[in-house]
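Engineer: got a structure for you, letters missing:
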């Protein structure tokens, strides 16, 4: 894929859509395109957060460890970001990400991601919106899980 195609791909993601074109191009140049087969564990809860991933295609199950085994808290897909909490919070991974299908991603390093957030208020606001939505979804999943117990 050419650099211009990568830039066009980055423009489609809400968190990066309002970045200046030069920053989108830099992000495309510094990101790495990765493909994972179904059933691949991209990262585990407790791992260091060295990068986040933008999902180009496929679906990923997000689970958290519990004494009764993993609890699925979300399924993410196209145009979504995963792994940002460990970067933004500077904490170990809070969940495990396992591919449900063949998944294509853009891997963005911690330093590059933080640079984008620090320099672009629109990207920061979009990240806050994503985190708030995730928190609401996770809370709902935990509530459902507790009701079943």
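Structural biologist: The structure has been received and is ready for your questions. Please read these numbers as outputs of a predicted model, since none were measured by experiment. Numbering: from 1, shown residues only.
Engineer: skipping its backbone neighbours, what lies nearest residue 137 in space?
Structural biologist: Closest residue in space to residue 137, ignoring its immediate chain neighbours: residue 74 at 5.6 Å, by Cβ to Cβ, 6 or more residues apart in numbering. Bear in mind the C-beta positions are built from the backbone N, C-alpha and C, glycine included.
Engineer: neighbours of that neighbour, how many?
Structural biologist: Residues lying near residue 74 (other Cβ atoms under 10 Å) number 19.
Engineer: what of residue 62?
Structural biologist: 23.
Engineer: now it: how far from residue 24?
Structural biologist: 27 Å (Cβ to Cβ, to the nearest Å).
Engineer: cool, and residue 148?
Structural biologist: 44 Å.
Engineer: neighbour count winner among the two?
Structural biologist: Ranked by neighbour count (other Cβ under 10 Å), residue 148 and residue 24 place residue 24 first, with 21 against 6.
Engineer: surely that one meets residue 12?
Structural biologist: No. Contact criterion Cβ atoms under 8 Å: residue 24 and residue 12 do not qualify, at 10.5 Å.
Engineer: tell me who's in contact with the residue nearest to residue 137.
Structural biologist: 61, 62, 134, 137, 138, 141 (Cβ atoms under 8 Å, 6 or more residues apart in numbering).
Engineer: mind listing what the last one touches?
Structural biologist: Yep, that's residue 141 we're talking about. Taking Cβ under 8 Å, 6+ apart, one finds 71, 72, 73, 74 in contact with residue 141.
Engineer: return the set of residues that bridge with the last one.
Structural biologist: What it means is residue 74. residue 62 (DSSP bridges).
Engineer: that one and residue 59: what is the separation?
Structural biologist: Plainly put, residue 74 is 10 Å away from residue 59 if you go by Cβ to Cβ.
Engineer: and what of the third one?
Structural biologist: When Cβ to Cβ is the yardstick, residue 73 and residue 59 sit 14 Å from each other.
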